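Undergrad: pasted the sequence and its predicted model underneath.
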Amino acid sequence: MELVSTKRLELYSGRSHPELAAEVANHLGVPLGDASLREFADGEIHCRFSGSVRGKDVFILQTHAGPVNDSVMEQLIMVDAAKRASAKRITAVCPYYGYSRQDRKATGREPITAKLVADMMAAAGADRIVSIDLHSGQIQGFFDGPVDHLTAMPVLVDYIRRHLTGDLVVVAPDAGRTRVAERFSLRLGANVAFVYKRRPKGSINKVEALDVVGDVAGRRCVLIDDMIDTAGTIVAAADLLVDRGAAEVWAMATHAVLSDPAADRLKASSITRVVVTNTLPIEDSKKIEKLEVLSVGRIVARAIDAVFEDSSVSEIFNGENQS
């Protein structure tokens, strides 16, 4: 007797961003599986998949939205449940990868927490990780297995082409994002500039924008970053660009963390438009008038389909997802 195995995809979602999970499932044309997530009285998370996952290709989608620790732990528990239920392959899909900013030791006696999260994913049973616009490309090396590093650049570039014309400059809010700004500029045929900033010693959410490298006078500037958290960096950079004569300033980022007081800062800033994606859920109270939210659901779905079919993820982005 010859047995022919049939590949079976199962998509499950944690509770951090059900809207994105539903959108991804719709693009894939598959139903979301039921993970039956609940808490015990003391807050411990329990998971039990309603249907069998034995021998299946299981994708567990959970963006690490706040409270970040709860989101990460919930995904780890789901991965562990799938492993113990004999799933053939488990892929942790993390549109926003928690703790990604702690990717190195800036000073002594600090953790490298991005590596810790990768280690926990592996220990729980994840065979592969899929994420979008990691804070730094080196995080891919923290996981001892395949990491598919997606990028929201096609979505953001398309939006710029449709809504912004004239003499354009792509601006990195700090030297670390210069390479990303260069990629955007090549796609748009625009010039590049970057802001020189300094973070006061011992501070976490404070930043000082000191100077601009590049010609921005009379031009429309687009600040490109991977995330907007408290908006201190992006607002300080925008104010400096306006001081240097920029005609208009937009801000674009993949991950809208938007911790307080980000919404108030952005609302009062010189930034004309703030464009982000839906890798993270955004509370209604933070949806200010100048905020535009774009979807990455199709990108995530295409990546999941490529992983399931064992085809190239890089071809989706023409190789531009490599850091």
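TA: Arrived safely.
Undergrad: which intervals of the stretch 1-150 of the chain have sub-threshold pLDDT?
TA: 1-5 (pLDDT under 70).
Undergrad: in it, which spans are strands?
TA: 9-13, 38-39, 45-46, 57-61, 89-94, 128-132, 147-150 (DSSP state E, counting those that start in this stretch).
Undergrad: for the stretch 201-323 of the chain, same thing?
TA: Chain-ordered strands for the stretch 201-323 of the chain, with DSSP E, counting those that start in this stretch as the definition, fall at 208-213, 220-228, 248-256, 273-277, 291-294.
Undergrad: so which of the ones you listed is nearest D144?
TA: strand 220-228 (23.8 Å; Cβ to Cβ). Quick note: C-beta positions are derived from backbone N, CA and C, even for glycine.
Undergrad: quick check: mean pLDDT across that closest one?
TA: What strand 220-228 shows for mean pLDDT is 97.
Undergrad: CA-only coordinates of it in CSV, if you can.
TA: Taking Å, rounded to 0.1, in the frame of the first residue of the first chain, the C-alpha atoms of strand 220-228 are listed here in CSV:
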residue,chain,number,x,y,z
ARG,A,220,8.3,67.7,1.3
CYS,A,221,9.9,65.3,3.8
VAL,A,222,8.8,61.8,4.8
LEU,A,223,10.2,60.5,8.1
ILE,A,224,10.6,56.7,8.0
ASP,A,225,10.9,54.5,11.1
ASP,A,226,10.0,51.0,12.2
MET,A,227,7.8,52.1,15.1
ILE,A,228,6.3,55.0,16.9
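Undergrad: partner strands of it and their direction?
TA: Applying DSSP bridges, strand 220-228 is found paired with strand 168-172 (parallel), strand 248-256 (parallel).
Undergrad: any idea how far it is from the chain center?
TA: Distance, stretch centre to chain centre, for strand 220-228: 14 Å (Cα atoms, centre = their mean, to the nearest Å).
Undergrad: report the angle between it and strand 273-277.
TA: 40 degrees (axes from the mean of the first three to the mean of the last three Cα atoms, to 10 degrees).
Undergrad: got a list of what the nearest residue in space to A85 that is not next to it in sequence touches?
TA: Using Cβ to Cβ, 6 or more residues apart in numbering and skipping the chain neighbours, the partner closest in space to A85 is V53 (4.9 Å). Neighbouring residues of V53 by Cβ atoms under 8 Å, 6 or more residues apart in numbering: E10, G33, A82, A85, S86, A87.
Undergrad: could you redo the last one with a cut-off of 7 Å?
TA: E10, A82, A85, A87 (Cβ atoms under 7 Å, 6 or more residues apart in numbering).
Undergrad: do the same with V307
TA: Contact partners of V307, counting by Cβ under 7 Å, 6+ apart, are T91, R128, V130, D148, V313.
Undergrad: which one of the residues you listed is nearest S16?
TA: So of the contacts of V307, ranked by how close each gets to S16 (Cβ to Cβ), first place is V130, at 15.3 Å.
Undergrad: mind listing what that closest one touches?
TA: Counting by Cβ under 7 Å, 6+ apart, V130 touches T91, V93, D148, L150, A303, V307.
Undergrad: got these as JSON lines, with distance to W250 columns?
TA: JSON lines is the format used below for the contacts of V130 (distance: Cβ to Cβ, whole Å):
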{"residue": "T91", "distance to W250": "34"}
{"residue": "V93", "distance to W250": "29"}
{"residue": "D148", "distance to W250": "29"}
{"residue": "L150", "distance to W250": "23"}
{"residue": "A303", "distance to W250": "27"}
{"residue": "V307", "distance to W250": "33"}
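Undergrad: which of those residues has the most neighbours?
TA: V93 (29 neighbours; other Cβ atoms under 10 Å).
Undergrad: just the helices from the stretch 151-300 of the chain, written as ranges.
TA: 153-163, 178-188, 232-243, 262-268, 297-308 (DSSP state H, counting those that start in this stretch).
Undergrad: just so I know, which of these lies nearest I45?
TA: Comparing the helices of the stretch 151-300 of the chain under Cβ to Cβ, the one sitting nearest is helix 297-308, at 23.3 Å.
Undergrad: ok, the closest residue to A152 other than its chain neighbours to P146 distance?
TA: Spatially, and ignoring its direct neighbours in sequence, A152 is nearest to T254 (4.4 Å; Cβ to Cβ, 6+ apart). Distance, T254 to P146, using Cβ to Cβ, to the nearest Å: 21 Å.
Undergrad: quick one, which of the two is more surrounded?
TA: More neighbours surround T254 than the other of T254 and P146, with 29 against 13 (other Cβ under 10 Å).
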